[in-house]
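Trainee: next come a sequence and a model predicted from it.
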Amino acid sequence: MRKLLHVVILGICQVIYSSAIAATGPAEITPNDFSGSDSQRIKKALDAAKGTTNLVRIPRHNANGTALWKIDEAILLPGNMTVMLDNCTIQLSDSCRDNMFRSANVGIGIENPRTISNIHLIGVGRVLLKGAENPRSTGDGARQLSLDPEADRKKGSWRVSYGSDAAFPDRKQTGDWRNIMILVAEVDGFSMTNVRIENSHAWAVSFERARNVELEQIYLHNPEEITIGNRKVKVFNKDGIDLRQGCKNFRINNIHGFTGDDFIALSSLDVKPALTRKSGSLNSTMVTKSGWHGPEDDTEQIFISNITCESICRGIAIRASDSASIHHVYISGIVSRETTGVGGRHNALLIGGKGYGALSQPGKLNHIYAQNIVSTGHAAVMIEAPVADCHFMNILYSGKGPEVIHYAMDKKEMRNVTETALQKVAP
């Protein structure tokens, strides 16, 4: 009887346990469940979660006894995956010459990337993503690596940026897309929220041919100068968030901080000397093929709101060249301040952009609506292309320039550009 009772109780417990598992799903997956380097353990966690929980949590505590995760190679994000960044600090190691996060469908030698969907980076609490203490490479694909960029610039070599690999002639001596901290390409459905990004090796976050993206509550600290040991060195191309060819349906909200270059940049360019006609090349700042290949590469339906920024260049830059188009961009709420002592380069909003290939054809930049802007700098808004169907409203400008909106070309070349409630006040 006692044995029968024991069997019955055991059976009941198994049913309860099975019901609990069914209700709660598989156990949580974290990198602390695995062995190896930090990069290896995160990869193993993603592999284990793929197709099961589709969720990995990176906690503050690292099982190696630290509160820091050091990354030696890019964390490749597959489709249908959520990575919860739980009060953690993640840093690129000094040996890493790669992105911190990259969509798994693109990379070296991947010439025909396939679109993947539904990737999410969700920050909980205080999340910090930061560059290496001594980065091997920085800057865009046209930058020559240098151990002393300031000295080289004084000698007339302007296209330089710091990189410890400059000491090793057998290593690649120019930057490329691996210097971008978070690189997302050919992805349909991406979100990132509640992270702080410091000292990326070039742009903080970049998108290529991505759609249906939401970015919110991101703080950027990306100055042009970093400290290595007891000296300061120059690191260039320190944009915040970049949208390259073919980005569609973005919502960018509550982004704050400081950048050494454009804070947010939308670019659809066809710069002949920099074109790389195939994906996966290291001779580019794009991991997918550069250049404009038709309307699918136009950028459109972009909503940007609640931006507070300080930058050396532009708060928001919208640049297109030749027949490429950027249209239907809605901007509401920018407080944009020029970095003290720079002078002459800053605008809260730039539309056009010269020096990036052939001038944008008339009307290719269209339906850009910007309102509620507070700005210093050269002008609150600068227009350098024959735009069409644009409206600017509620702008308060306190810079030293004479105009709230500066037209760098004859307004007769533009079509249906209107202004409402522009005000200039003493600096």
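Mentor: Received the coordinates, thanks.
Trainee: in the stretch 1-150 of the chain, which spans are helices?
Mentor: Assigned by DSSP state H, counting those that start in this stretch, the stretch 1-150 of the chain shows helices spanning 2-24, 38-49, 149-154.
Trainee: center of this protein, which residue is that?
Mentor: Val205 (1.2 Å; C-alpha atoms, centre = their mean).
Trainee: next up, the contacts around that one.
Mentor: Ile180, Met181, Ile182, Val184, Met192, Ile197, Leu215, Ile218, Gly240, Ile241, Asp242 (C-beta atoms under 8 Å, 6 or more residues apart in numbering). For every residue, glycine as well, the C-beta is placed using N, CA and C.
Trainee: remind me which residues of the protein are low pLDDT?
Mentor: Flagging of the chain using pLDDT under 70 yields the residue ranges 1-26, 271-276, 340-344.
Trainee: swap the cut-off to 50 and go again
Mentor: Confidence mapping of the chain against pLDDT under 50 gives the ranges 1-25.
Trainee: what subset of the contacts of Val205 is buried?
Mentor: Buried members of the contacts of Val205, counted by 16 or more other C-beta atoms under 10 Å: Ile180, Met181, Ile182, Val184, Met192, Ile197, Leu215, Ile218, Gly240, Ile241, Asp242.
Trainee: among the residues you listed, which lie within strands?
Mentor: If you go by DSSP state E, those have Ile182, Val184, Met192, Ile197, Leu215, Ile218, Ile241, Asp242 in strands.
Trainee: distance to Asp297 added to the residues you listed, as a markdown table?
Mentor: A markdown table is the format used below for those (distance: C-beta to C-beta, whole Å):
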| residue | distance to Asp297 |
| --- | --- |
| Ile182 | 21 |
| Val184 | 16 |
| Met192 | 23 |
| Ile197 | 27 |
| Leu215 | 21 |
| Ile218 | 25 |
| Ile241 | 19 |
| Asp242 | 15 |
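Trainee: just curious, which of these is nearest to Val160?
Mentor: Taking C-beta to C-beta as the measure, Val160 sits nearest to Asp242 out of these, at 20.8 Å.
Trainee: hmm, the closest one is touching Ala202, no?
Mentor: No. With contact defined as C-beta atoms under 8 Å, Asp242 does not reach Ala202; the gap is 9.4 Å.
Trainee: what is in contact with the two at once?
Mentor: Ile180.
Trainee: now stretch 333-351: buried residues?
Mentor: Those would be 333-339, 346-351, for stretch 333-351 by 16+ other C-beta under 10 Å.
Trainee: again but with stretch 406-421, I slipped
Mentor: His406, Tyr407, Met414, Val417.
Trainee: now the residues you listed as TSV including secondary structure?
Mentor: Formatted as TSV, those follow (DSSP: H, G, I helix; E, B strand; the rest coil):
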residue	secondary structure
His406	strand
Tyr407	strand
Met414	coil
Val417	strand
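Trainee: how near is Lys289 to Met414?
Mentor: 31 Å (C-beta to C-beta, to the nearest Å).
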